[in-house]
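**Student:** no sequence for this one, just the structure:
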């Protein structure tokens with residue numbers, strides 16, 4: 001099946017201020033309009049518009065055959081998407097909350113991630129799996145997880161995240177157009193953050209290597225490099241601003257593509273500062289931060305003036321909402337790690 005023309009894609013002059021959730025809605029709408037193979041599916045995504053209203057209005061605009069309310073069965077959602085992808089569709093699956101993805105784990109790891117290789121390249125899996133993740137919204141159990149390490153460790157999957165409305169808009173459109181399966185982790189506590197968004201024309205097909213900048217420098221610094229992704233990017237920026245008031249120069253690097261992991265930008269920053277602090281919400285044992293620490297140590301060992309330090313969640317199940325402020329990384333914990341890093345002469 002050939003890709004259709006994109007008559008409704010357009011470049012909008014000027015900027016529009018949107019929430020991060022609204023930017024994802026706009027990106028999904030653009031892709032549904034551009035390609036009739038795109039189908040959005042998930043629990044309550046149609047009539048309700050999703051629990052976070054990310055898909056609000058899409059079923060009314062594109063119909064029940066394009067925006068599909070599914071049963072409460074994550075394995076069924078992903079299994080159905082596999083069959084649809086085999087038949088030429090480009091499914092976009094919403095997993096309602098991060099902790100709900102585990103019933104679909106078998107389908108994702110043993111089918112979605114492997115079918116392209118298993119078929120000798122004859123079968124593509126252009127499936128996008130959207131997962132709201134992370135804490136900070138006072139939710140109950142299974143609603144505040146950070147399970148990205150499981151999927152980053154699964155060959156065959158591409159994993160992305162975002163921290164601003166513009167990032168979210170660009171990421172969801174690139175994910176839908178990628179011929180490989182993409183998991184897009186959306187930081188739910190940033191859904192209501194607002195920012196400027198510019199719509200742009202995209203190519204009909206985004207190659208697997210074309211998902212955008214894997215990492216970028218948000219703030220230059222000479223003393224310590226902070227690296228965050230998704231919900232912790234703003235925490236890193238706030239910590240760097242607070243440190244500047246005390247005369248410290250803190251750089252901030254944002255990771256956007258979590259798998260495959262490309263660390264050239266991070267390594268270059270570490271070679272300037274000699275110190276690295278990694279910030280994420282996930283438990284630290286076996287985390288993505290642990291992998292980054294190992295790779296940076298391998299690639300920039302002689303540039304390091306201190307051990308690579310990590311600030312993150314603890315190795316316990318996510319706590320009740322009244323305790324989550326003690327669990328999540330905050331500015332004070334980040335600055336404490338900065339102090340410990342600088343203490344190494």
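**Tutor:** Good, I have the coordinates. Nothing here was measured: the structure is a model prediction, and the numbers come from that model.

**Student:** going forward, measure contacts between C-alpha atoms and count neighbours the same way
**Tutor:** Will do.

**Student:** Got the confidence number for residue 194?
**Tutor:** On pLDDT, residue 194 comes in at 97.

**Student:** For it, give me its contacts.
**Tutor:** Residues counted as contacts of residue 194 (Cα atoms under 8 Å, 6 or more residues apart in numbering) are 17-20, 164-165.

**Student:** Show me the beta-bridge partners of it.
**Tutor:** Counting by DSSP bridges, residue 194 is bridged to residue 19.

**Student:** ok, back up a step: tell me the buried residues within the contacts of residue 194.
**Tutor:** When neighbours are counted using 16 or more other Cα atoms under 10 Å, the contacts of residue 194 contain these buried positions: 18-20, 164-165.

**Student:** So what's the residue count around the residue lying closest to residue 274 once chain neighbours are set aside?
**Tutor:** Distance criterion Cα to Cα, 6 or more residues apart in numbering; nearest residue to residue 274, sequence neighbours excluded, is residue 304 at 4.3 Å. The local packing of residue 304 (other Cα atoms under 10 Å) involves 17 other residues.

**Student:** wait, residue 304 sits on residue 269?
**Tutor:** No. At 10.9 Å, residue 304 does not count as touching residue 269 under the criterion of Cα atoms under 8 Å.

**Student:** circling back: closest to residue 93 out of the contacts of residue 194?
**Tutor:** Comparing these against residue 93 with Cα to Cα places residue 20 closest, at 18.1 Å.

**Student:** ok, now which ones touch the closest residue to that closest one other than its chain neighbours?
**Tutor:** Taking Cα to Cα, 6+ apart, and ignoring the residues beside it in sequence, residue 20 has residue 165 as its nearest neighbour in space, at 4.0 Å. Residues in contact with residue 165 (Cα under 8 Å, 6+ apart) are 18-24, 193-197.

**Student:** again with residue 275
**Tutor:** Neighbouring residues of residue 275 by Cα under 8 Å, 6+ apart: 223-225, 304-308, 341-342.

**Student:** ok so, going back, could you dump the buried ones among the contacts of residue 194 to JSON lines with distance to residue 279?
**Tutor:** Compiled in JSON lines, these are given as follows (distance: Cα to Cα, whole Å):
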{"residue": "18", "distance to residue 279": "26"}
{"residue": "19", "distance to residue 279": "24"}
{"residue": "20", "distance to residue 279": "21"}
{"residue": "164", "distance to residue 279": "17"}
{"residue": "165", "distance to residue 279": "21"}
